[in-house]
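Trainee: this one's sequence-less:
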């Protein structure tokens, strides 16, 4: 009883890497045939050391690295598929040349499985073009994964920024008519993204709070970011209020046993009126003025004593400062 912070409201936080994995795998599935064609090329050269040596010979003929190699992906890790495609694209000319000059390479794609089906490939120009577009698209997801998986620095304050960055990238590709294939991929990924991170209401709101204690952003970044991804101004104002209320709630909970703040009393208001010439005031004005002074004192007291408000109105740290460590700050 009463052992969970914030009554457990922010306890369930989905793994960011798991969600990114679901989103990207959905996109990769849309280009399964194109990826399979390239995958079989990589599988071929890595089947034996002699085939890898032959691949390197062709690489030298194309004036590329004499120690050329392409990593084979792991089916359960999308980032390994990304790296495989990114490296394979560098050796596109080598694979193309092997398709023209290497009989063993061509024969490999003519072999049939037990069901009489040929291997997918070798990749044609359209396959390489689609793979190139996919790699360019997934580069942002790969960088986000590297940033969030860092273990020698604070990463909690990065998740909201990176999530917004991913959403912006997906939206840009989903609205781009110049590449129908990549547009189809982005639309499918957007559906997955929206399921988990599509709105402030569906995501764990602690994600939106996590970078507020970063003095480079506070609540300013959230407002600009939500507007950037199409949130209406009225909704954005409500989200900002909700975030501040959560921040206040967190402040109160962490303050805990330190006790409440002392409250000003009516005598403080009267004391603040010392020096006022009451004779010059009309009937009832002295009481009204006392009430106003009391209200001002309470507002000032709350503003001064509430560390959340003090923090939010303090000067920002320049976000261009290099090497800024939020935990040290």
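Mentor: Sure thing, it's come through. Just so it is clear, the model here is predicted, and its values are computed rather than measured.
Trainee: what sits up against the strand or helix carrying residue 28?
Mentor: Using DSSP states H and E, residue 28 sits in helix 16-30. By Cβ atoms under 8 Å, 6 or more residues apart in numbering, the residues outside helix 16-30 that reach it are 35, 78, 81-82, 134, 137-138, 141, 144-145, 148-149, 159, 162-163, 166, 181, 184-186, 188-189, 191-193, 196-197. Placement of C-beta: from N, CA and C, glycine included.
Trainee: those in helices, which ones?
Mentor: Of the contacts of helix 16-30, the ones assigned to helices by DSSP state H are 35, 78, 81-82, 134, 137-138, 141, 144-145, 148, 159, 162-163, 166, 181, 184-186, 188-189, 191-193, 196-197.
Trainee: out of those residues, which end up buried?
Mentor: Among those, those buried by neighbour count (16 or more other Cβ atoms under 10 Å) are 35, 78, 81-82, 134, 137-138, 141, 144-145, 148, 159, 162-163, 166, 185-186, 188-189, 192-193, 196-197.
Trainee: mind listing what's buried in the host helix or strand of residue 43?
Mentor: Following DSSP H and E, one finds residue 43 within helix 32-45. Buried residues in helix 32-45, counted by 16+ other Cβ under 10 Å: 34-45.
Trainee: and what of stretch 42-61?
Mentor: Quick answer for stretch 42-61 (16+ other Cβ under 10 Å): 42-45, 51-52, 54-56, 58-59.
Trainee: so where's the chain shaky on pLDDT?
Mentor: The model of the chain has pLDDT under 70 over residues 256-286, 297-305.
Trainee: could you list the domains of it?
Mentor: The record's domain parsing of the chain by automatic domain parsing lists 13-198, 266-322.
Trainee: would you tell me which one of the ones you listed is buried the most?
Mentor: Here the criterion is mean neighbour count by mean count of other Cβ atoms under 10 Å, and of the domains of the chain the winner is domain 13-198, at a mean of 16.
Trainee: end-to-end on it?
Mentor: In domain 13-198, first residue to last residue: 15 Å (Cα to Cα, to the nearest Å).
Trainee: for stretch 209-229, same thing?
Mentor: Using Cα to Cα, the end-to-end distance of stretch 209-229 comes to 18 Å.
Trainee: now do the contacts for the residue lying closest to residue 211 once chain neighbours are set aside.
Mentor: Nearest non-adjacent residue to residue 211, counting by Cβ to Cβ, 6 or more residues apart in numbering: residue 157, 3.9 Å away. Residues in contact with residue 157 (Cβ under 8 Å, 6+ apart) are 210-211, 213-214, 326.
Trainee: residue 168: what secondary structure?
Mentor: At residue 168 the chain is in helix, as set by DSSP: H, G, I helix; E, B strand; the rest coil.
Trainee: how far away is it from residue 112?
Mentor: Using Cβ to Cβ, to the nearest Å, we find residue 168 at a distance of 45 Å from residue 112.
Trainee: swap in residue 294?
Mentor: Distance, residue 294 to residue 112, by Cβ to Cβ: 90 Å.
Trainee: same thing with residue 67?
Mentor: According to Cβ to Cβ, residue 67 and residue 112 sit 34 Å apart.
Trainee: what of residue 327?
Mentor: Taking Cβ to Cβ, one finds residue 327 at 59 Å from residue 112.
Trainee: equivalent analysis for residue 215, please.
Mentor: Residue 215 is 64 Å from residue 112, by Cβ to Cβ.
Trainee: can you give me phi and psi for residue 105?
Mentor: Backbone geometry at residue 105, expressed as degrees, to the nearest 10, gives phi -60, psi -40.
Trainee: shouldn't it be in contact with residue 44?
Mentor: Yes. Contact status for residue 105 versus residue 44: in contact at 6.4 Å, counting by Cβ atoms under 8 Å.
Trainee: my guess is residue 183 contacts residue 171. True?
Mentor: No. Between residue 183 and residue 171 there is no contact under Cβ under 8 Å: 11.3 Å.
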